[in-house]
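Peer 1: kindly generate the corresponding structure for this input.
(2 chains)
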Amino acid sequence: GNSVTQMEGPVTLSEEAFLTINCTYTATGYPSLFWYVQYPGEGLQLLLKATKADDKGSNKGFEATYRKETTSFHLEKGSVQVSDSAVYFCALPHGQNFVFGPGTRLSVLP
Amino acid sequence: NAGVMQNPRHLVRRRGQEARLRCSPMKGHSHVYWYRQLPEEGLKFMVYLQKENIIDESGMPKERFSAEFPKEGPSILRIQQVVRGDSAAYFCASSDDGHNSPLHFGNGTRLTVT
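Peer 2: Numbering: from 1, shown residues only, chains lettered A, B, ... in the order given. Okay, the predicted model is just below:
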């Protein structure tokens, strides 16, 4: 079945640093890929998605490109802010539900 | 434009009691998913329901746990005879067609078993 492997955290960065959170997947076919973000005390929110190979999803300065040759969907942001501190989850469909990575906790220091 | 509504936000139960968690999906959504999150861990799928039907309950423990999504009213996740290991955050999510559509999550119910 489909599965996802995600970079373990925690990740601590200074404000304005460059962020990369790695995500690789195993899947049958080419399913849509998602990044979700969870702020403290809240549920997950969709951050961005890509529906086919070479698609780039983007939102709030975050980007991720669907790479079928490396089966990856790495999350990047050029300049992080303190408000980006949260837990980030990579996800993809699995049967009739979704499978999520373990989450990567990001802390951004002022 | 209400999102996914879960209640209660916090629930404390003594061992052996029943816990009942409610979820109202986004307006127009007929697909509901329940996930469990333990502290510092990822989300574990429990059950996927459509109106009046359980589609996939492969992630739900066979005993003490049940879920329903009636024709009218919210989806309910019921845990009977709770034990300390049931303490976790339970998240409900909904989608409009269940096929690769993004999930919309509620803010969760945090269950504490004392």
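Peer 1: right, and chain B sits closest to which residue of chain A?
Peer 2: Of all residues in chain A, A:Gly43 sits closest to chain B, at 3.5 Å by CB to the nearest CB. All C-beta atoms are positioned from the backbone trio N, CA, C, and that covers glycine.
Peer 1: now the nearest residue to A:Pro10 once chain neighbours are set aside: how far from A:Tyr39?
Peer 2: In space, A:Pro10 comes closest to A:Arg105 once its chain neighbours are excluded; the distance is 4.2 Å by CB to CB, 6 or more residues apart in numbering or on different chains. Per CB to CB, to the nearest Å, A:Arg105 is found 11 Å from A:Tyr39.
Peer 1: list residues touching both of these two?
Peer 2: Between them, A:Arg105 and A:Tyr39 share these contacting residues under CB atoms under 8 Å, 6 or more residues apart in numbering or on different chains: A:Ala86.
Peer 1: which parts of stretch B:78-92 are buried?
Peer 2: Neighbour counts using 16 or more other CB atoms under 10 Å in any protein chain shown place B:79, B:82, B:86-92 of stretch B:78-92 among the buried residues.
Peer 1: among these, which ones lie close to chain A?
Peer 2: With CB under 8 Å from any CB of the partner chain as the criterion, the buried residues of stretch B:78-92 include B:Phe91 near chain A.
Peer 1: now, the buried residues of stretch B:78-92 that are in strands?
Peer 2: In this view, those that belong to strands under DSSP state E are B:79, B:88-92.
Peer 1: which stretches in the chain count as strands?
Peer 2: Chain wasn't specified; assuming chain A. Using DSSP E, strands in chain A cover A:3-6, A:11-14, A:19-21, A:23-26, A:33-38, A:44-50, A:56-59, A:62-65, A:75-77, A:86-94, A:97-100, A:104-109.
Peer 1: was after chain B, sorry
Peer 2: In chain B, strands defined by DSSP E lie at B:5-7, B:10-13, B:19-24, B:31-37, B:43-50, B:53-56, B:65-68, B:75-79, B:88-95, B:104-105, B:109-113, listed in chain order.
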